[in-house]
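Participant: missing the sequence, but the structure's below:
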């Protein structure tokens with residue numbers, strides 16, 4: 001029981017910090033400003049880039065859930081500026097995050113250790129990066145096509 005509590009403490013702390021950061025970003029208007037800047041740069045093409053935001057969040061945080069917590073409000077605000085469905089933007093966010101799991105360093109480290117490929121993490125990420133980016137671009141293209149319909 002103590003071991004489980006000790007192992008869970010670090011994870012719980014990380015999740016709480018991520019939630020606090022996301023709350024501060026949303027409450028202070030940071031996500032609003034970031035969304036406005038993203039729309040100013042990408043314009044109506046932003047839905048194409050939305051899954052890449054999710055992918056980036058997953059790569060940085062280590063998992064899709066944390067990516068959604070951290071960047072979900074940004075995607076919601078971007079949807080508001082574009083006057084498109086927030087559900088579509090949420091779907092693009094989480095799709096990018098799910099695809100980003102292929103190249104998240106923490107997951108690649110665990111996978112390589114499990115598969116007996118320790119020390120070959122860079123090679124695994126390089127081989128997975130092409131399909132990851134291709135599928136993310138496909139999701140973005142589908143989002144771009146769907147945005148005017150929803």
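Facilitator: The structure has been received and is ready for your questions. Model, not experiment: these values are computed from the prediction.
Participant: Would you map the strands across the protein?
Facilitator: Taking DSSP state E, the chain contains no strands at all.
Participant: So which residue is smack in the middle of it?
Facilitator: Closest to where the C-alpha atoms of the chain average out (C-alpha atoms, centre = their mean) is residue 54, at 2.5 Å.
Participant: OK, contacts around the spatially closest residue to that residue that is not a sequence neighbour?
Facilitator: Leaving aside its sequence neighbours, residue 54 sits nearest to residue 96 (C-beta to C-beta, 6 or more residues apart in numbering; 2.7 Å). Every residue, glycine included, has its C-beta placed from N, CA and C. Residue 96 makes contacts with 50-58, 67, 136, 139, as judged by C-beta atoms under 8 Å, 6 or more residues apart in numbering.
Participant: which one in those is the model shakiest on?
Facilitator: For the contacts of residue 96, the weakest pLDDT value sits at residue 67, with 89.
Participant: Can you tell me how far that residue is from residue 86?
Facilitator: From residue 67 across to residue 86, the span is 17 Å (C-beta to C-beta, to the nearest Å).
Participant: higher neighbour count, the two?
Facilitator: residue 67 (28 against 15; other C-beta atoms under 10 Å).
Participant: Am I right that that one is in contact with residue 93?
Facilitator: Yes - using C-beta atoms under 8 Å, residue 67 is in contact with residue 93, at 7.4 Å.
Participant: if we can go back for a sec, in PyMOL, select just the buried ones from the contacts of residue 96.
Facilitator: Entered in PyMOL, the line below selects the buried ones among these, by 16 or more other C-beta atoms under 10 Å:
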select buried, resi 50+51+52+53+54+55+56+57+58+67+136+139
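Participant: Spit out the residues that contact residue 67 and residue 93 alike.
Facilitator: 54, 57.
Participant: what's stretch 105-124 in contact with?
Facilitator: Under C-beta under 8 Å, 6+ apart, the answer for stretch 105-124 is 59, 62-63, 101, 125, 128.
Participant: Which of the residues you listed sits closest to residue 72?
Facilitator: Here the nearest of the contacts of stretch 105-124 to residue 72, counting by C-beta to C-beta, is residue 63; it sits at 13.6 Å.
Participant: What does the closest one show for phi and psi?
Facilitator: When quoted as degrees, to the nearest 10, the phi and psi of residue 63 stand at phi -160, psi 160.
Participant: Would you convert the contacts of stretch 105-124 into TSV that also reports pLDDT and neighbour count?
Facilitator: Shown next, in TSV, are the contacts of stretch 105-124 (pLDDT from 0 to 100; neighbours: other C-beta atoms under 10 Å):
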residue	pLDDT	neighbour count
59	90	20
62	85	18
63	87	20
101	92	19
125	93	17
128	95	17
